[in-house]
Structure formats: structure tokens, C-alpha cells
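1. Generate coordinates for the sequence data below:
(one chain, ligands or ions: 1)
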Amino acid sequence: MAEVIFSKIGIIGGGISGLAAAKELAQYEPVVLEATDSIGGVWKHCSFRTTKLQTPRCDYEFSDFPWPLRDNSSFPSYAEILDYLSSYATHFDLFKFIKFNSRVTQIRLATDQPHDKPLWEVAAVQTINGSTLVQSAIDLALECAQANQGEEGKSCTMVVRTSHWIVPHYSIWGLPFYLFYSTRFSQFLHQRPNQGALRNLLCLLLSPARKATSKLIESYLLWKLPLVKYGLKPDHPFEEDYASCQMAILPDTFFSEADKGKINFKRASSWWFSEGGVEFDDNTKLEADLVILATGYDGKKKIRDVLPQPFCSFLEFPSSGGMMPLYRGTINPYIPNMAFMGYVESVSNLHTSEIRCKWLARLIGGKFKLPSMEKMVEQIQTEAEIMKKTTRFYKRTCISTFSINHSDEICQEMGWTSWRKKTWLAEAFSPYNSRDYQQQDTAAN
Ligand SMILES: Cc1cc2nc3c(=O)[nH]c(=O)nc-3n(C[C@H](O)[C@H](O)[C@H](O)COP(=O)(O)OP(=O)(O)OC[C@H]3O[C@@H](n4cnc5c(N)ncnc54)[C@H](O)[C@@H]3O)c2cc1C
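-> Residues are numbered from 1 along each chain as shown. Predicted structure coming up:
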């Protein structure tokens, strides 16, 4: 006989987004259904030996739970991240909400509920093992090279369709990287949703400054890294990668392994399996013992698999260009009583998820109301338009060039002050991160 649990809030997944949601909604005693036997999501199940955080640790931090050594400039390993998440879950007593090994297989609307009070029924099955996804081709190629040292060791070939900009560290010509995109001043140069005619004009006039910033970063990367030597110089500006959250941090010894011949590169727009390996559209072949598909994944598919019609068909709008249409990156206007976390990307996905969980908790607590459906759709379309204008790689919702503005709007809706620094100088030139959005002890909470 299946166990039936009644809960006001059901959370699917115990990754960063699920944990942040459970903490912010703890007063409702949520039930967290996690398919695997542990918390951490990708950090537990999509990591390998050398997987590290790519974001500076002070940016990938819950607003009210600092890293033990937050000023340490090294990037934590996946094991350190898992420790941090486990401490967070223990500190806020979240484990009691989590049902492990519970994979959600179906969600449906209960039919016996009044139309204006829809209730979801969630079916979950007991699971033993989760599957592992691979991303992060750069890290994998390096691991292959490291495992194949010595005369006998064979090389690994990275097949690249579109070359993206890679960054060796968060410093460009001696300047901290945040100065270019993560301060209010730097984001002032960029287009943002709902800007008036004056700002449109200003953005047009400021476009040479945006291009110059992008060129400055490209010049550094081309000087620092052998991108031209290996045919890896991207054909598009750096800004487009940043605006689509495609920027990757390069592991230290990546190009030294390439120089030793342990990593080769092959540019190809299409390939197929052939006898003993793969074949490319320029009629060349590559012999391979093992082919790893590090081609990313479709986050929407997971939802499509469990959500019934007609809701499934609302996961994309004709005008959203593949992006999940979500108001404030959280609410689909056509799907009642359901919120989506972790579908908006930025420089720190932890921060983008956490601030939305705070927003959601206040929405559920009745501190503010959602605007009309038309207004939500309009806002979603405006954001999609900005992304389409900024980058050709706009398949995922990435707000990195206007993230501060996005948080401003969320703060305004929650009744929080949106300008959160102590001085004007800091407001203009210091970067924004989760710490700036700590809980305010006011009635507005
Ligand atoms: C290798 C790697 C490196 C990364 N580096 C960075 C970085 O440096 N900076 C950054 O900001 N972001 C980075 N990311 C992005 C990362 O995905 C996010 O930062 C964040 O961890 C995502 O958390 P999440 O909870 O939204 O999703 P996930 O971590 O994917 O968690 C989803 C959880 O839901 C569970 N689940 C899924 N389907 C079901 C179901 N049907 N029923 C029950 N449970 C289910 C899964 O088991 C999983 O535990 C990286 C990702 C990878 C893979």
C-alpha cells in the first residue's frame, strides 16, 4: 500500500535550489522528495576527481551561512561544496524534511478540488541509484590526459563545434574580473528589461564602451592562452558568452597537457559514429576507444517527463526561444501553484536560486501578490528580448549582464530596499553577492 503524505509545500530535489527552498519555507514543514540517497544534486552526482567550483566562493554562498574560510581565494573542490551544503542542511535542520530515494514520476492535478484552489498530487517511487550526467568537457579532457601520462599513454581529442571563451582566472590585465560585469556601474552599460526610451538611447550611445570592455578581455585571453595556436579562438565577442552564462574557467594545467600532445582539438560542426570511432563532416576520422558526450542537458525534459498536459506545453512560449518562460525566474503564468527554482543562471547559481526562494516564501506568506497574467507574460517576453539582443546563445535564461537589476526588482516586490550598499562608492563599484541580500529585520519581512 502506497504511503500518502499531505503537505502544503512539496519540493522536488535536494540540490542547492531544493535546500534553499526548504530553508526559506521551513515554517510550512515541507516535504522534500529527492531521487537519490544524498543532498547536493550535481555536486554529488555529476562531479569527478577534479571538479571544482568555478565561481569565487564568496559569490557562491548562502546569504546567512558563510563559508568557513570565505576569504580563501582558492576554488573549493566538489567535496568541500558537499561539506558546506551538509553543514547548511544540518545548521538549519533541513534533513528532517527530506525523503531520500524518492523519485517523482508523475504530477497531476487532483480532480476533486474546486477550480480556484488547485491541488497537486505527486507520485514518487523508491529508487536505489541515480544516473550520472557529464558536463564540463574541459575538466574531463584534463582528467583523461592526467590518467594517460607516460610513453604508453594515448592522447584524448576534444571535438569542438562552437569554441567559447575560456578564462584562466578572475583577473584581467591585473584588474579584478568583477569590475567588468558585476558592479552597478558596469551593468549600467548593459540593456535591461523595462528600460525607457532614454535608457535605450543611452545604451546605444554606450555600446562602444561595452564593445571596448569585451575587446579588452578578449585581448588578454588571446595573449594569455594559446587559443589561436590550437584553433580555439571563438568567432564571437566575449560579451556574448558572458551574457549566455557560457564562460568557463580553465583548469591550471590544461594547455600544458595540450602542449605535451595529451589533448588534441578537432573543430567540426557535425560527426557520427563509424567503425572504430567517429567520422566528421570534413571526411576525416578519429579512432576512439571511448566517446564521452559532454553535450549538456535539457533541464526542461525532467519536468516534461512528470508534468501532465496541457501544462507540459506551457514550458515554452513561441517567443521564448527555448528558454523556460518564468516570471521572476520562478513562476510560469499558466501553471498554478507551482514554482520552478534553478532555471535562471547567472555568475552564481546559488545566489540566483536563493534570492528567488526568499521571494517565493514571501509570496506564499501573502506579503505581496503576483501581477496579472498578462503583465507576467509581458515581463517574460521583455527579458527574453533582452537576452536575444545581447547574445546569439540565448537558449538558457541567463541574467548575468543585468543581474543586479533583476535582484532590484525582486527586492522591490518583497518590500526590501534595492540599493543595499552602505556608501555610494560601494553601490557603484563593489560587486553584489548573496551577503547583500541578508534578511532584513523589518516588518516587511
Ligand atoms: C560540474 C558542474 C560545475 C558547476 N559549477 C558551477 C559554478 O562554478 N558556479 C555556479 O554558479 N554553478 C555551477 N554549476 C551549476 C550548478 O548546476 C548549480 O550551481 C546548482 O548546483 C544547481 O542546483 P539545483 O538544485 O538547481 O539542481 P541540481 O543540483 O541538479 O539538483 C537537482 C536535484 O533534484 C533531484 N531530482 C531530479 N529529478 C528528480 C525527480 N524526478 N524526483 C526527485 N528528485 C529529483 C536530483 O537528484 C538532484 O539532487 C555547475 C554544475 C556542474 C554540473
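2. Give me every residue in the stretch 201-350 of the chain lying close to the ligand.
-> Residues of the stretch 201-350 of the chain lying close to the ligand (C-beta under 6 Å from any ligand atom) are K302, V306, G342, S348, N349, L350. C-beta here means a position set from N, CA and C on the backbone, and glycine is covered the same way.
3. In helices, which of these fall?
-> K302, V306, N349, L350 (DSSP state H).
4. among the residues you listed, who's most crowded?
-> L350 (25 neighbours; other C-beta atoms under 10 Å).
5. contacting residues for that residue?
-> Residues near L350 by C-beta atoms under 8 Å, 6 or more residues apart in numbering: I16, A20, T55, Y60, E61, F62, S434.
6. got it, and S163?
-> L227, G231, L232, K233, P234, D235, R267.
7. could you check the distance from it over to A137?
-> Applying C-beta to C-beta, to the nearest Å, the value for S163 to A137 is 12 Å.
8. Please apply the same query to G14.
-> For G14 relative to A137 (C-beta to C-beta), the value is 27 Å.
9. who has more neighbours, those two?
-> When neighbours are counted by other C-beta under 10 Å, G14 comes out ahead of the other of G14 and A137, with 30 against 17.
10. what's the closest non-adjacent residue to that one?
-> Leaving aside its chain neighbours, G14 sits nearest to E34 (3.6 Å; criterion: C-beta to C-beta, 6 or more residues apart in numbering).
11. can you count the residues close to the one you found?
-> Neighbour count of E34, defined by other C-beta under 10 Å: 26.
12. Can you name the residue of the stretch 151-300 of the chain nearest the ligand?
-> Nearest to the ligand, among the residues of the stretch 151-300 of the chain, is I249, at 7.5 Å (C-beta to the nearest ligand atom).
13. Please name the bridge partners of that residue.
-> Beta bridges link I249 to V167, judged by DSSP bridges.
14. My read is that it contacts V167, right?
-> Yes. Applying C-beta atoms under 8 Å as the test, I249 and V167 come out as touching, 5.7 Å apart.
15. What are the buried residues along stretch 9-28?
-> 9-26 (16 or more other C-beta atoms under 10 Å).
16. Right, and the ligand sits closest to which residue of the stretch 301-445 of the chain?
-> Relative to the ligand, the nearest point of the stretch 301-445 of the chain is G342 (2.5 Å; C-beta to the nearest ligand atom).
17. Please pick the buried ones from the contacts of S163.
-> Buried, going by 16+ other C-beta under 10 Å: L227, L232, P234, out of the contacts of S163.
18. Same list as before, those that is, but in CSV and with pLDDT included.
-> Converted to CSV, those look like this (pLDDT from 0 to 100):
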residue, pLDDT
L227, 97
L232, 96
P234, 96
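19. can you redo those as a markdown table with secondary structure?
-> Shown next, in a markdown table, are the buried ones among the contacts of S163 (DSSP: H, G, I helix; E, B strand; the rest coil):
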| residue | secondary structure |
| --- | --- |
| L227 | coil |
| L232 | coil |
| P234 | coil |
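20. and the gap between the nearest residue to S73 once chain neighbours are set aside and L205?
-> Nearest non-adjacent residue to S73, counting by C-beta to C-beta, 6+ apart: P56, 7.3 Å away. Separation of P56 from L205 (C-beta to C-beta): 32 Å.
21. swap in L25?
-> Distance from L25 to L205, by C-beta to C-beta: 44 Å.
22. Likewise for F188?
-> 12 Å.
23. what about the two, which has more around it?
-> The neighbour count for F188 versus L205, taken as other C-beta under 10 Å, is higher for F188 (17 against 9).
24. Let me see the confidence value for the nearest residue to that one once chain neighbours are set aside.
-> Leaving aside its sequence neighbours, F188 sits nearest to L206 (C-beta to C-beta, 6+ apart; 8.0 Å). The model reports L206 with a pLDDT of 93.
25. Likewise for P193?
-> 89.
26. so where's the protein uncertain?
-> By pLDDT under 70, the low-scoring segments of the chain are 1, 128-134, 440-445.
27. Contacts only, for the residue nearest the centre of it.
-> The residue lying closest to the centre of the chain (C-alpha atoms, centre = their mean) is E345, at 3.5 Å. E345 makes contacts with C245, T352, R396, T397, C398, I399, S400, as judged by C-beta under 8 Å, 6+ apart.
28. how near is it to T401?
-> 12 Å.
29. Give the buried residues for stretch 201-221.
-> Within stretch 201-221, the residues scored as buried using 16+ other C-beta under 10 Å are C203, R210, T213, S214, I217, E218, Y220, L221.
30. ok, now which ones touch the fifth one?
-> So the one you mean is I217. W165, I172, F180, F238.
31. Looks to me like it is in a helix.
-> Yes. I217: assigned to a helix according to three-state DSSP.
32. before we move on, the earlier item: so which of the contacts of L350 are also by the ligand?
-> Filtering these for proximity to the ligand by C-beta under 6 Å from any ligand atom leaves I16, T55, Y60.
33. Pick the one among the residues you listed closest to Y334.
-> Taking C-beta to C-beta as the measure, Y334 lies nearest I16 of these, at 26.3 Å.
34. Tell me how the protein divides into domains.
-> Here the domain assignment for the chain is 10-133+298-444, 137-287, based on automatic domain parsing.
35. Looking at those, which one is packed in the most?
-> Mean neighbours per residue, mean count of other C-beta atoms under 10 Å, is largest over the domains of the chain for domain 10-133+298-444, with a mean of 17.
36. Which members of the residues of the stretch 201-350 of the chain next to the ligand define the maximum pairwise distance?
-> V306 and S348 (27.6 Å).
37. Kindly provide the distance from the residue nearest to P176 when sequence neighbours are not counted to S346.
-> Leaving aside its sequence neighbours, P176 sits nearest to Y170 (C-beta to C-beta, 6+ apart; 6.5 Å). As judged by C-beta to C-beta, Y170 and S346 stand 15 Å apart.
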